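Chemist: One predicted model, sequence on top.
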Amino acid sequence: MFRDTTRSRAALALLVTAAAVLLLLDARSDQDPVASASRAVGESVFAPVAAGVGTAASPVTDLYERLSQGSAAERIAELEEANADLSSQLQAARLDESRADQLDRLLHLSGRGGYEIVAAQAVTRTTPRGYARVATIDAGTESGVRPDMTVVNGSGLVGHVVEAGPSTATVLLATDTTSAVGARMEETGKIGVVNGGGVPGGPSADLSLELFDMDAPLEAGDRVVTLGSHEGAPFVPGVPIGTVEKVEASPGALSRIASITPAVDFASLDVVGVVVAGPAEDPRDSVLPPVPEETEEK
Amino acid sequence: MRTAVTLVLLAVAVLLQAAVVNRLPLDWGPGPDLVLAAVVAVALTAGPAAAAGCGFAAGLALDALPPAAHELGRGALILCLAAYLLSLFKRNTGAFAGESSSSLPTVVGAVAATAFGVGLGHAFLGLAVGDPRIGLVSAVLNTCVGTLLTALVSPLVTLPLLRVRTAFTDEEFATVQGPTSPEGW
C-alpha cells in the first residue's frame, strides 16, 4: 500500500530532515538566526495583508461586537437599536467611536498607573491548532515594542510580548497554560502567582491563583493585581488581573488555590497598550477601578 | 501553468488563514485550517514527492507568519508527511480515481481524515518537544473541533482547487496511475 520510488522517498527524507533541523534549532536556542530571519520575512508579508483585512472587515467586526455584547434577551433590543443606528450613522464613524472609547479607557488606566504605553490593535486572536493562547498586535520594534513587555488594555492585564518583529508582535495571553504572572492581593498584599488555564483537579477556568500563604484571607470577589517583576520585565506592578471567582478547598495542599475571572474580556480583544516604560513607583492598588456597588452591599 | 496557479492559490490560502481566520475571535480554540484543505487538493492530484514539497512549503510559510505560537518547522514537518502519505495512499490503492475523485463526500472524507491525522500529529509532536499546553483533554478536543471545522470548509477550498488543477492538466500522463511518479506537479 505504501510502496514508492527511491527518488520520491529521498525527497521526503530530505524535507523531513529539513523540518526537524529547523524545529530543533528553534526549540534549542532563543536567538536562532534562521527562525528570526524567516519570521521577519513572514512578518513583512503579513503586516500589510493584516492591515488590509482590518480595513475591509471593520463593518463586520463592528456588527459582531454589537451582537456579542449582552445575553440572548437583550440581543433583539440591541439589534433594533443597531438597525436604527445604521440608518442614522456611518459605520466607520461608529467604529472609530468605539475604538476611541477603548483608547480612552486605556489612557485612563495608564495614567493611573504611571505606565508609558504604545497603543496597538490585535490582528490575530486564534491559532490554526488552538493550543496556544496568543495574539498578534500591529506594533513592533519600530514603535519601541520589545520582547518581555507587559501588554494591557483598558480593563487590565492582557499578557506579555514574546516575539517582536518590525511592525507586528506576538503576545502570550495571560490565559495561556505556559503563562505565569506574579500576583498580589488587593488589600492584604499577600503574594502568589496567577497561571493560565484551570486549577489542577478543579473545574476549568481561564486563570487560576496560587497563594503562598495558607492562612491569608481569601474569598470570592477579592481582586488581584500584578506584583511586578524585576525591572518591570515581563510584568510591571499594579495592573489589574482579575477577581477571585471560587476558592478551591484543597486539603493537604501547600498553597491556596482559587479560580480567577479575568478583568479583560479575552474573546473581544481589540485595542491594547504595550507598556514601554514602567512606573517610577509601584502604583499599589491605585489602578484598580472603584469597587463595584454590589460588592459593597455584601 | 498548473504549477504556477497552484502555488498562487496556496499562497492565498496561507495568507487567508493567517490574516482572516486567525483574526476571528473563536473562543473554543482551533479554527478551520484552510491551508490543510488546500494541500489535500494538491496531494490528491500530484505525485508523493511533489505533494510532500508542497505540504512542507505551505506548513513552513504558516509557521513563519505571526503569531509565533510554536517553533518553526513543526507545521512544515507534519503537513509534509500528511501530504506525502495521502498522495502515496491515493496512488497505490487507486482510491479517489476516475469520476469519484472530485465528488463531494470523497473530498470531505479525505480532508477530514487528513485533518484528524494532522491534529493527532501536532499533539504527538507537541508532547515530544515538551509543550506544556498539550494535555489529553485539550488534544482530543482541539483535534476533533479542528477536524470538524476543516471538513466544513473543504467544499469551499479543496473542491475548487481540485477543479482548477484538473482543468489545467496539461500533461497527457497526468491521469496515469502507477508506482512511478511523473515529473513536476
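Modeler: That came through fine. Being a predicted model, the structure only gives us computed values, none of them experimental.
Chemist: give me the low-pLDDT residue ranges for the stretch 1-150 of chain A?
Modeler: Applying pLDDT under 70 to the stretch 1-150 of chain A picks out residues A:1-2, A:30, A:66-73, A:85-95.
Chemist: now the helices: where do they sit in it?
Modeler: Taking DSSP state H, counting those that start in this stretch to define them, one finds helices in the stretch 1-150 of chain A at A:6-28, A:33-68, A:72-88, A:91-113.
Chemist: again with chain B
Modeler: Secondary structure of chain B by DSSP state H: the helices cover B:2-19, B:34-43, B:48-64, B:74-93, B:104-128, B:136-167.
Chemist: Ranking these by mean neighbour count, which comes first?
Modeler: helix B:34-43 (a mean of 29; mean count of other CB atoms under 10 Å in any protein chain shown). (C-beta placed from N, C-alpha, C; glycine too.)
Chemist: residues in the stretch 101-250 of chain A within reach of chain B, list them.
Modeler: Within the stretch 101-250 of chain A, the residues that sit near chain B (CB under 8 Å from any CB of the partner chain) are A:123-132, A:134-136, A:162-163, A:165, A:168-171, A:176-178.
Chemist: correct me, but A:T124 touches A:A50?
Modeler: Yes: when contacts are counted by CB atoms under 8 Å, A:T124 is listed as touching A:A50 (7.4 Å).
Chemist: The two: who's more crowded?
Modeler: Higher neighbour count among A:T124 and A:A50: A:T124, with 29 against 26, using other CB atoms under 10 Å in any protein chain shown.
Chemist: Tell me the bridge partners for A:R223.
Modeler: Using DSSP bridges, the bridge partners assigned to A:R223 are A:T243.
Chemist: about what we covered before: okay if I get the helices of chain B as CSV plus mean pLDDT and distance to A:D282?
Modeler: CSV is the format used below for the helices of chain B (pLDDT from 0 to 100; distance: least, CB to CB, whole Å):
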stretch, mean pLDDT, distance to A:D282
helix B:2-19, 89, 39
helix B:34-43, 92, 46
helix B:48-64, 91, 39
helix B:74-93, 90, 40
helix B:104-128, 90, 38
helix B:136-167, 89, 36
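Chemist: Quick one: those as JSON lines, columns for distance to chain A too.
Modeler: Output for the helices of chain B, formatted as JSON lines (distance: least, CB to the nearest CB, whole Å):
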{"stretch": "helix B:2-19", "distance to chain A": "5"}
{"stretch": "helix B:34-43", "distance to chain A": "7"}
{"stretch": "helix B:48-64", "distance to chain A": "3"}
{"stretch": "helix B:74-93", "distance to chain A": "4"}
{"stretch": "helix B:104-128", "distance to chain A": "5"}
{"stretch": "helix B:136-167", "distance to chain A": "4"}
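Chemist: is it possible to export the ones you listed to TSV including distance to A:D222?
Modeler: Below are the helices of chain B laid out as TSV (distance: least, CB to CB, whole Å):
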stretch	distance to A:D222
helix B:2-19	40
helix B:34-43	44
helix B:48-64	41
helix B:74-93	40
helix B:104-128	35
helix B:136-167	28
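Chemist: so which of the ones you listed comes closest to A:D213?
Modeler: Among the helices of chain B, the nearest to A:D213 by CB to CB is helix B:136-167 (30.9 Å).
Chemist: what helices or strands is the closest one leaning on?
Modeler: Contact analysis of helix B:136-167 by 3 or more CB pairs under 8 Å, 6 or more residues apart in numbering or on different chains; DSSP states H and E lists helix B:2-19, helix B:34-43, helix B:104-128 as its packing neighbours.
Chemist: do you know which of those lies nearest A:L12?
Modeler: helix B:34-43 (12.5 Å).
Chemist: So what angle separates the directions of the closest one and helix B:48-64?
Modeler: Using axes from the mean of the first three to the mean of the last three CA atoms, to 10 degrees, the direction of helix B:34-43 lies 170 degrees away from that of helix B:48-64.
Chemist: Pull the distance from helix B:34-43 to the chain's centre.
Modeler: Counting by CA atoms, centre = their mean, to the nearest Å, helix B:34-43 is centred 3 Å from the centre of its parent chain.
Chemist: Remind me what it packs against, helices and strands.
Modeler: Using 3+ CB pairs under 8 Å, 6+ apart, helix B:34-43 sits against helix B:2-19, helix B:48-64, helix B:74-93, helix B:104-128, helix B:136-167.
Chemist: Just send the helices and strands packed on helix B:136-167 back as TSV, with distance to A:V41 too.
Modeler: Formatted as TSV, these follow (distance: least, CB to CB, whole Å):
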stretch	distance to A:V41
helix B:2-19	13
helix B:34-43	17
helix B:104-128	23
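Chemist: closest one to A:A20 among these?
Modeler: That would be helix B:104-128 among those, by CB to CB, at 10.0 Å.
Chemist: List the contacts of that closest one.
Modeler: A:129, A:131, B:33, B:36-37, B:40-41, B:43-44, B:70, B:74-75, B:77-79, B:81-82, B:85-86, B:96, B:100, B:133-134, B:139, B:142-144, B:146-147, B:150-151, B:154-155, B:158-159, B:162 (CB atoms under 8 Å, 6 or more residues apart in numbering or on different chains).
Chemist: Try it again at 6 Å.
Modeler: A:129, B:36-37, B:40, B:74, B:78, B:82, B:86, B:96, B:100, B:134, B:139, B:143, B:146-147, B:150-151, B:154, B:158-159 (CB atoms under 6 Å, 6 or more residues apart in numbering or on different chains).
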